[in-house]
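Q: attaching a predicted model along with its sequence, questions to come.
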2 protein chains.
Amino acid sequence: MIHKLLKNKKVVLASQSPRRKEVLKMLGVNALQVPSTVEEDLTLSNPSQLAMNNAKLKVMDITNKMDRECVVVGADTIVYANHEILGKPKSIYDGKEQLRKLSNSFHYVYTGLSVSYRGENITKFLRTKVIFCELSETEIDDYFMTKEPLDKAGSYGIQGFGSQFVKKIVGDYFNVMGFPISLFYEILKDLGVE
Amino acid sequence: MIHKLLKNKKVVLASQSPRRKEVLKMLGVNALQVPSTVEEDLTLSNPSQLAMNNAKLKVMDITNKMDRECVVVGADTIVYANHEILGKPKSIYDGKEQLRKLSNSFHYVYTGLSVSYRGENITKFLRTKVIFCELSETEIDDYFMTKEPLDKAGSYGIQGFGSQFVKKIVGDYFNVMGFPISLFYEILKDLGVE
């Protein structure tokens, strides 16, 4: 299990996301959060490549500053609807436009996960399909009143108030939250962490 | 949104599950927990009928003791693997046997959700498919060391340490946790709660 593999390791989370920190805590892992200041690459249009590339950029930035015995992990999450990448909303107006695009439809969430340990790095991604309920204008307005969508790609969080808008998912739930747990476990084993 | 519909309502949760209480809290709903003492019906072999029947039994037991303006909600969750209903483990031995059945395979989780309001009751269910990773005997032993599986149908919790064993789901994640959020929202609207 993850907490057993990481028992005597220093774990560094190259992300400032409170949700990712929370997921690690749930797994019994106390990670040190050291957000990377590296610029995200926004030029790639392929969502899986973009998510992996940004996750790896962040992790390598921190890995280079740390002891090689540290396990450094980072992730990048992308919402992809109708061949369009939806980032964090630039404004409330932009965010409401994003939610109208997700309403009564499906989209994909890609999370790239990158882990470094003892000079080796593995970066992979998972894709989850998310099917949304139909949202009324009032629901969209009310959702923005909760402030939850403001800092999230695609303007929703699956683990908070946003959960009531999600009819169904196909894939990994934690991938939508931004930290694919079973993929993390797989990568740790592949890196020989024990 | 759910917290808006329930803003000035007394909400009673006919279940002692801390996870269900937690889900309602996440949705901004402060529910009073009044667990029902009614005997669960274990004679039905159809999982959806059984989950709905038990949810309704619990909710009607509490509804009859409450003011009709209360919104009373209850749920029952069943793990169904290879045509067999897996309940809460009777012993550690029994629980480990259950996990061996789930390992490297898929199963279904049924949650029946029952809501009463102003003399009316609606009871429905959702089914979610859960695909498990292959578990080693060491992983099963280590998982029982966390004590997490002891009080859970099928001997795992999708929201805790158990999350690392889940490769993929098809359906509603919160249904597996024991409280299908989008179904709850749908039922509240159908009951005319506002």
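A: Looks like it arrived, so ask away.
Q: near chain B, which residues of chain A are found?
A: Proximity of chain A to chain B, by C-beta under 8 Å from any C-beta of the partner chain, involves residues A:1-4, A:26-28, A:133, A:139, A:142-143, A:146, A:158-161, A:163-174, A:181-182, A:184-185. (Each C-beta comes from the backbone N, C-alpha and C, glycine too.)
Q: quick one: buried ones out of those?
A: Buried members of these, scored by 16 or more other C-beta atoms under 10 Å in any protein chain shown, are A:1-2, A:27, A:133, A:139, A:143, A:158-161, A:163-174, A:181-182, A:184-185.
Q: sorry, back to before: just the ones of the residues of chain A next to chain B in strands?
A: Residues of the residues of chain A next to chain B located in strands (DSSP state E): A:166-171.
Q: ok, of those residues, which one's closest to A:Asn46?
A: For these, the residue nearest A:Asn46 by C-beta to C-beta is A:Gly171; the value is 18.1 Å.
Q: got the contact list for the nearest residue to A:Gln164 once chain neighbours are set aside?
A: Distances taken as C-beta to C-beta, 6 or more residues apart in numbering or on different chains put B:Tyr185 closest to A:Gln164, at 4.7 Å, once the chain neighbours are dropped. Counting by C-beta atoms under 8 Å, 6 or more residues apart in numbering or on different chains, B:Tyr185 touches A:164, B:1-2, B:5.
Q: from the ones in strands among the residues of chain A next to chain B, which two are the most distant?
A: A:Lys167 and A:Gly171, at 14.2 Å, using C-beta to C-beta across those.
Q: longest helix in chain A, please.
A: The residue-count maximum for a helix in chain A (DSSP state H) belongs to helix A:47-63.
Q: which SSE is immediately downstream of it?
A: Per DSSP states H and E, helix A:47-63 leads on to strand A:71-81 as the next helix or strand towards the C-terminus.
Q: just after that following strand, pick out the following helix or strand.
A: strand A:84-86.
Q: neighbouring contacts of that next one?
A: A:45, A:47, A:50, A:78-80, A:98, A:101-102, A:107, A:153-155.
Q: swap the cut-off to 10 Å and go again
A: Residues outside strand A:84-86 that contact it (C-beta atoms under 10 Å, 6 or more residues apart in numbering or on different chains): A:42, A:44-47, A:50-51, A:78-80, A:94-95, A:97-99, A:101-102, A:107, A:109-110, A:152-156.
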